[in-house]
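Could you look at this predicted model? Sequence included:
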Amino acid sequence: MKIVLPLVVLGVGVAGMATINATASKNEEAEPVDTRPSVRVMPAQATDYQVTITSFGEVKPLEKTMLAAQVAGEIVSWNPNFVAGGLIKQGDILFTIEQDTYEAALLQAQANLSQAKAKLIEEEALAKVAEREAERLSDRKVSDLYLRKPQVMSAKASVQSATAALRLAQRDLENCEVRAPYDALVISRDLGAGQFVHTGDVVAELSSIETAEVVFPIAGFDSAFVPEDVTNLSASVTTQGRRSITRNATIVRDLGVVDNATRMSHLVVRINDPYSLNSDEPALKFGSYVEVKFAGKHLSKVFEVPQDLVTNRTIWLIDEAQQLQPRQVSVLREEGESFLIDQGLNDNDLLVMTPPEYPQKGMVVKVIEDDAKVAQR
């Protein structure tokens with residue numbers, strides 16, 4: 001028994017192994033392994049596309065003014081908002097210059113005008129008397145001097161001169177109150193109560209907040225997609241940062257030159273009321289760096305394809321035999337994370353969305369079932 005029993009166990013084991021190997025061989029023959037790489041596909045469809053042009057620039061005021069005194073005198077008061085960073089409205093009194101001297105000058109000018117008018121009345125009356133007396137004399141004895149024409153003309157000139165002096169005196173008195181020329185942001189101020197200013201002294205710098213502008217470049221690859229006439233084209237400007245602000249704008253002009261250093265052209269957009277003095281919109285401060293966007297040309301029958309599917313202007317398709325086929329394409333434009341292709345593709349070409357790691361021409365692949373159903377449609 002000691003000899004027979006091990007032999008029986010060994011025989012059973014060998015028989016079992018033979019049975020397992022035979023079963024495995026049958027399964028392998030019945031179910032061969034599919035080694036084709038699986039890919040996702042999508043049919044290509046041409047579409048119309050609206051190009052969006054994007055650029056960047058700095059917000060600047062449309063107007064800047066170095067404010068100067070137009071008359072000399074002592075500063076007697078100034079507006080509390082007339083400080084650096086203050087917002088003032090058009091017509092607000094910014095500061096006042098002592099007026100006594102200019103009021104006196106105005107009274108003197110009024111008096112001089114009255115005297116000139118009185119003298120003119122007197123000369124005109126004398127001229128009329130001379131004219132009546134001349135009727136009794138011969139023409140040879142009557143001259144312009146006898147008729148007092150030079151005296152009348154001189155009196156009229158004195159009236160005109162006095163009138164001009166009066167206007168200047170009125171202007172000087174009005175200029176004692178210096179007013180804001182427009183809605184403005186005060187950039188700097190250099191005056192105080194009791195300070196004496198001379199005519200022409202620069203006392204402040206103002207920037208208009210009625211309108212702001214952004215000058216932004218157009219890159220060479222964008223220039224072909226900018227409309228021929230951009231005037232009055234709508235645009236949007238958006239600040240960069242965590243709290244972005246977007247405001248509507250309008251393109252107002254092309255600067256008309258190409259920069260020598262960058263070889264770029266430049267456009268200008270305008271934003272009304274950037275500091276929202278007359279609205280509830282968020283303020284757009286001068287000096288902000290913003291992104292400018294506007295609609296470019298409208299493209300017809302182009303294919304929008306993710307950039308990672310195009311390598312060296314080649315894209316992979318599959319044919320009816322489910323084999324990979326490379327296709328040379330013409331990339332018209334890069335738009336975001338996509339390429340716009342205008343040549344090389346046809347409607348319903350099957351684009352390989354997940355190509356194998358090392359694709360080869362003629363490589364047989366397996367299309368994922370859901371994508372195959374979409375392709376058949």
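Done, it's in.

Just list what the lengthiest strand in the chain packs against, helices and strands only.
Assignment by DSSP state E gives strand 289-306 as the longest strand of the chain. For strand 289-306, the packing partners by 3 or more CB pairs under 8 Å, 6 or more residues apart in numbering; DSSP states H and E come out as strand 47-61, strand 211-218, strand 234-239, strand 330-335, strand 338-343. Placement of C-beta: from N, CA and C, glycine included.

Need the winner for burial among those.
Highest mean neighbour count of those: strand 211-218, a mean of 20 (counted as mean count of other CB atoms under 10 Å).

just how off-centre is whatever helix or strand comes next after it within its chain?
Sequence order places helix 220-223 as the next helix or strand after strand 211-218, per DSSP states H and E. For helix 220-223, the separation from the chain centroid amounts to 17 Å (computed by CA atoms, centre = their mean, to the nearest Å).

before we move on, the earlier item: among the helices and strands packed on strand 289-306, single out whichever gets nearest to A169.
Comparison of the helices and strands packed on strand 289-306 against A169 by CB to CB identifies strand 47-61 as nearest, at 34.7 Å.

Report all helices and strands that that closest one contacts.
If you count contacts as 3+ CB pairs under 8 Å, 6+ apart, strand 47-61 packs onto strand 211-218, strand 289-306, strand 330-335.

For those strands, please prepare a markdown table with the additional fields distance to K361 and mean pLDDT.
Converted to a markdown table, the helices and strands packed on strand 47-61 look like this (distance: least, CB to CB, whole Å; pLDDT from 0 to 100):
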| stretch | distance to K361 | mean pLDDT |
| --- | --- | --- |
| strand 211-218 | 40 | 95 |
| strand 289-306 | 19 | 93 |
| strand 330-335 | 20 | 89 |
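
For P274, which of these is the nearest?
strand 211-218 (3.9 Å).

Could you find the closest non-adjacent residue to Q240?
If the residues on either side of it in the chain are set aside, Q240 comes closest to Y289, at 5.6 Å by CB to CB, 6 or more residues apart in numbering.

Could you double-check that that neighbour lies in contact with T239?
Yes - at 7.3 Å, Y289 counts as touching T239 under the criterion of CB atoms under 8 Å.

Please spell out which residues along the top helix by length along the chain are buried.
Criterion DSSP state H: the longest helix present in the chain is helix 100-134. By neighbour count on 16 or more other CB atoms under 10 Å, the buried set for helix 100-134 is 101-102, 105-106, 109, 112-113, 116-117, 119-120, 123, 127, 130.

Downstream of it, the next helix or strand is which one?
Next in sequence after helix 100-134, counting helices and strands by DSSP H and E, comes helix 149-174.

Give me the helices and strands touching that following helix, please.
So helix 149-174, by 3+ CB pairs under 8 Å, 6+ apart, packs with helix 100-134.

so the helix it packs on versus helix 149-174, what angle?
Our comparison of helix 100-134 with helix 149-174, counting by axes from the mean of the first three to the mean of the last three CA atoms, to 10 degrees, yields an angle of 160 degrees.

so what secondary structure elements neighbour helix 100-134?
helix 149-174.

residues of the helix it packs on that come out buried?
Neighbour-count burial for helix 149-174 [16+ other CB under 10 Å]: Q151, V152, A155, K156, S158, V159, A162, A165, L166, A169, D172, L173.

From D92, how far off is the nearest residue to the fifth one once chain neighbours are set aside?
Right, S158. Closest residue in space to S158, ignoring its immediate chain neighbours: A116 at 4.1 Å, by CB to CB, 6+ apart. Distance of A116 to D92, computed by CB to CB, to the nearest Å: 38 Å.

now what about stretch 165-179, what contacts it?
67, 69-71, 73, 91-99, 102-103, 105-106, 108-110, 112-113 (CB atoms under 8 Å, 6 or more residues apart in numbering).

tell me how far it is from the chain's mean position?
40 Å.

before we move on, the earlier item: save the helices and strands packed on strand 47-61 as CSV, and put in distance to V178 too.
CSV is the format used below for those (distance: least, CB to CB, whole Å):
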stretch, distance to V178
strand 211-218, 22
strand 289-306, 33
strand 330-335, 53
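
so where's the stretch 51-200 of the chain shaky on pLDDT?
The stretch 51-200 of the chain contains residues with pLDDT under 70 at 138-141.

and with 80 instead?
130, 133-148 (pLDDT under 80).

Repeat that for the stretch 201-350 of the chain.
Low-confidence segments of the stretch 201-350 of the chain (pLDDT under 80): 241.

Give me the distance between the closest residue in space to K156 that isn't next to it in sequence and A44.
Of all residues not flanking K156 in the chain, L120 sits nearest, at 5.9 Å (CB to CB, 6+ apart). Per CB to CB, L120 is found 93 Å from A44.

just L168 next, same as before
Distance, L168 to A44, using CB to CB: 79 Å.
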